[in-house]
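**Student:** what follows is a predicted protein model with its sequence.
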Amino acid sequence: MFNAIVSADTLQDTLDSVSVLVEECKIHLEEGGLEIRAVDPANVGMVDLSLSAAAFESYETDGGLIGVNLSRLEDIAGMADSDQLIHLELDEETRKLHIAIDGLEYTLALINPDSIRQEPDLPDLDLPAEIVLEGRDIDRAVKASDMVSDHIELGVDDTDELFYVDAEGDTDDVHLELTAEDLIDLTAGPASSLFSLDYLKDMNKAIPSDAEVTVDLGEEFPVKLHFEIAEGQGQVTYMLAPRVQSD
Amino acid sequence: MFNAIVSADTLQDTLDSVSVLVEECKIHLEEGGLEIRAVDPANVGMVDLSLSAAAFESYETDGGLIGVNLSRLEDIAGMADSDQLIHLELDEETRKLHIAIDGLEYTLALINPDSIRQEPDLPDLDLPAEIVLEGRDIDRAVKASDMVSDHIELGVDDTDELFYVDAEGDTDDVHLELTAEDLIDLTAGPASSLFSLDYLKDMNKAIPSDAEVTVDLGEEFPVKLHFEIAEGQGQVTYMLAPRVQSD
Amino acid sequence: MFNAIVSADTLQDTLDSVSVLVEECKIHLEEGGLEIRAVDPANVGMVDLSLSAAAFESYETDGGLIGVNLSRLEDIAGMADSDQLIHLELDEETRKLHIAIDGLEYTLALINPDSIRQEPDLPDLDLPAEIVLEGRDIDRAVKASDMVSDHIELGVDDTDELFYVDAEGDTDDVHLELTAEDLIDLTAGPASSLFSLDYLKDMNKAIPSDAEVTVDLGEEFPVKLHFEIAEGQGQVTYMLAPRVQSD
């Protein structure tokens, strides 16, 4: 049983956070809210999302697992105005999701969860450096780096206490330094890793420019990007595997 | 003789209402105003439009018939700001239309009306159900249906006194019900017909979202959609033939 | 040595004025400001631009010549908000330009000026007619003419004291007349020349709609279009060779 009402923008933000990495996903219907974990086909980028029951206008379930086509569900949610309410109700017999928006009823065929790529285990990493910054700074760094290269180095200068971004192209380079003053918070530590820009660009699309993003970094370790959606009732964590750094 | 001045947005709305169905049309220059009737190449969708002389700033004619390329005339009208005036004057000798917008003169070669597809006779149907609703509700129904199917059923539930829209896709369905309360007006009667979404999508493009649209429906009969443009000085009626319903 | 700070919109307007004609250009770093001259590959359209040192927040140079890829530099400037400051510093050893925008540093490889098409000499023409008008009127004339033809005649009617634009297509024509009243200023004289619309369309893109544009015209002579950027601290002159007029 699953019967919930949620605002269109909360549903859209939730779906967008996952659809930048995968086309289909499993959604765990838990008593406390929705849980989604997914990894891209190349096993490089992962997302771990939870949307608390408190993010909903009303939320009832006795548990369950459904598989959805994300772009289809995004299209449906996109028909609503951002402040309109969307009613979701699972028909367990037909395995269809009934989606109602102000009198309009959409019956969405679900996907067999067994046919969807297995959910990843997000490793519990103890990363030495933590940077907290605004989404717009990630956006600037990613867009500038994308002009010169297809990969990007993120690091922390332990001595000067600053976060840096480096992208080296064939002819041009991009470098960004943000000191503790420019950041919301910085826990310095030895950290420097190289990442694929393609993945960071996709993740960046889902990060609101005014979001407070926590970045956990290590030496040639995965990066973790964490931010909130749904006014703090939703938690999104991306994890991106590093590229091997060739010197 | 034809010599008229009209606001750019009135001219644009007039042309847009016809150009969603055909590329060229005949325009009857009548003393009371302009008259246009046209049918698409497949003989499925028709438009009947009249724009009263009262919709013009000034309007003079002793009658006549001209043939125009609609997209060309739309491009010209599109050069004006929406509240600018457009001066139209027919040169009967050269069969060209002089179009003046604030000092800019465009000389448009007309099309021989005999080379344009014959105008349709709009059958006088006595349809049992009439629904009056806002253009935005047609827009919602058409856009949602388009996500799942290429045809759409419009009908009236005579017992429950409601207007419904049904679109059935291979996996997903869309259903919209609007009761008398949701509608501006409803004359219930036995009505249910299937239509091609392609045509309704085109017609929908020309229907303003805040227009009051009168929909006349029957059992496997054509649908008539009627709305006003030019602040009530223009009347547009679309008629769309039904698709054969296979049960 | 070159070390300067300039607002993003001033830099963008400068680059846009040149990039409509060429992809790469030489920039002369003079004590009084920047100087750019360039001609398109077909030797038909030329631009002569100067941006005074006064247009910069700060400006220091001991002279020099650099070659730049314009679209690349435009992309970089485009990352800044229009009122943000951009810091430009030449590294003479590496022949790279360091571009800093609020903590973000972009290192741009310069182009060897010797590899860039030679700069044109703008002939000193004494043209008999001069029209001063708003950029938006050039925009209207160019866009309307483009609907019917690929060339455009600009001329002055010496007797009636008016500036006219003529474009003749296979079936349709466009004609625009602007009298002294419609213009900011008019010095009438014998003038009528035919130009390629492709070039005028490109130049038109860089002319702000509210700019005061001075147009110098003759009989089958090049046209000169002059306007200011950077609140009067930048001067842009386009020169366009006429097409041979066949009667």
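**Tutor:** Yep, that arrived.
**Student:** show the average pLDDT along the strand or helix carrying residue A:164.
**Tutor:** Secondary structure assigned from DSSP states H and E places residue A:164 in strand A:162-168. Strand A:162-168 shows an average pLDDT of 98 in the prediction.
**Student:** so what touches it?
**Tutor:** With contacts defined as CB atoms under 8 Å, 6 or more residues apart in numbering or on different chains, strand A:162-168 is touched by A:131, A:133, A:141, A:144-146, A:148-149, A:151-157, A:173-180, A:183, A:186, A:197, A:215. All C-beta spots, glycine's among them, are computed from the backbone N, C-alpha and C.
**Student:** among those residues, which ones are in helices?
**Tutor:** Using DSSP state H, the subset of those located in helices is A:141, A:144-146, A:197.
**Student:** pick the one among those closest to residue B:20.
**Tutor:** residue A:146 (40.0 Å; CB to CB).
**Student:** pretty sure that closest one is touching residue A:198, no?
**Tutor:** No - with contacts defined as CB atoms under 8 Å, residue A:146 does not count as touching residue A:198, sitting 9.1 Å away.
**Student:** which ones are touching the residue lying closest to residue A:208 once chain neighbours are set aside?
**Tutor:** Leaving aside its chain neighbours, residue A:208 sits nearest to residue A:135 (5.3 Å; criterion: CB to CB, 6 or more residues apart in numbering or on different chains). The neighbours of residue A:135, taking CB under 8 Å, 6+ apart as the test, are A:204, A:207-213, A:227.
**Student:** how is chain A divided into domains?
**Tutor:** If the domains of chain A are taken from automatic domain parsing, they occupy A:2-114, A:129-240, with pieces of a single domain joined by a plus sign.
**Student:** can you redo the ones you listed as a markdown table with distance to residue C:65?
**Tutor:** Listed next are the domains of chain A as a markdown table, based on distance: least, CB to CB, whole Å:
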| stretch | distance to residue C:65 |
| --- | --- |
| domain A:2-114 | 45 |
| domain A:129-240 | 19 |
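**Student:** returning to that earlier point: quickly note the distance from the residue nearest to residue A:208 to chain B.
**Tutor:** Distance, residue A:135 to chain B, using CB to the nearest CB, to the nearest Å: 31 Å.
**Student:** quick one: that residue from residue B:109, how far?
**Tutor:** 55 Å (CB to CB, to the nearest Å).
**Student:** and for residue A:240?
**Tutor:** Applying CB to CB, one obtains 61 Å for the distance of residue A:240 from residue B:109.
**Student:** the more surrounded of the two?
**Tutor:** Between residue A:240 and residue B:109, counting by other CB atoms under 10 Å in any protein chain shown, residue A:240 is the more crowded of the two (22 against 17).
**Student:** so what's the more buried one up against?
**Tutor:** The neighbours of residue A:240, taking CB under 8 Å, 6+ apart as the test, are A:44-46, A:195-196, A:199-200, A:203, A:222-223, A:225.
**Student:** give me that answer again for 7 Å
**Tutor:** Contacts here follow CB atoms under 7 Å, 6 or more residues apart in numbering or on different chains; on that basis residue A:240 touches A:44-45, A:195, A:199-200, A:222-223.
**Student:** and it, what's its pLDDT?
**Tutor:** Residue A:240 carries a pLDDT value of 98.
**Student:** residue A:195 too?
**Tutor:** If you check residue A:195, the pLDDT there is 98.
**Student:** ok, and the closest non-adjacent residue to residue A:230?
**Tutor:** With CB to CB, 6+ apart as the measure, residue A:55 is the residue that lies nearest to residue A:230, at 4.1 Å, once sequence neighbours are left out.
**Student:** try residue A:73
**Tutor:** Here the nearest residue to residue A:73 in space, its sequence neighbours aside, is residue A:15; by CB to CB, 6+ apart that works out to 5.7 Å.
**Student:** before we move on, what about residue A:109?
**Tutor:** residue B:171 (3.7 Å).
**Student:** the residue of chain A positioned farthest from its centre: what secondary structure?
**Tutor:** In terms of distance from the mean C-alpha position of chain A, residue A:171 ranks first, at 32.3 Å (CA atoms, centre = their mean). Using DSSP: H, G, I helix; E, B strand; the rest coil, the secondary structure recorded for residue A:171 is coil.
**Student:** isn't it up against residue C:108?
**Tutor:** No - the pair formed by residue A:171 and residue C:108 falls short of the contact definition of CB atoms under 7 Å, at 8.1 Å.
**Student:** export stretch A:66-77 to CSV, keeping only CA atoms.
**Tutor:** Taking Å, rounded to 0.1, in the frame of the first residue of the first chain, the C-alpha atoms of stretch A:66-77 are listed here in CSV:
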residue,chain,number,x,y,z
ILE,A,66,8.6,-0.1,-7.0
GLY,A,67,10.6,0.4,-10.2
VAL,A,68,10.1,3.6,-12.3
ASN,A,69,11.1,5.2,-15.5
LEU,A,70,12.4,8.5,-14.3
SER,A,71,12.0,10.6,-17.4
ARG,A,72,8.4,9.5,-17.8
LEU,A,73,7.7,10.3,-14.2
GLU,A,74,9.4,13.7,-14.6
ASP,A,75,7.3,14.5,-17.6
ILE,A,76,4.2,13.8,-15.6
ALA,A,77,5.3,15.8,-12.7
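**Student:** backbone dihedrals for the residue in chain A that chain C sits nearest to, please?
**Tutor:** Chain A approaches chain C most closely through residue A:171 (3.7 Å), counting by CB to the nearest CB. Listed backbone geometry of residue A:171 is phi -120, psi -30, with angles given as degrees, to the nearest 10.
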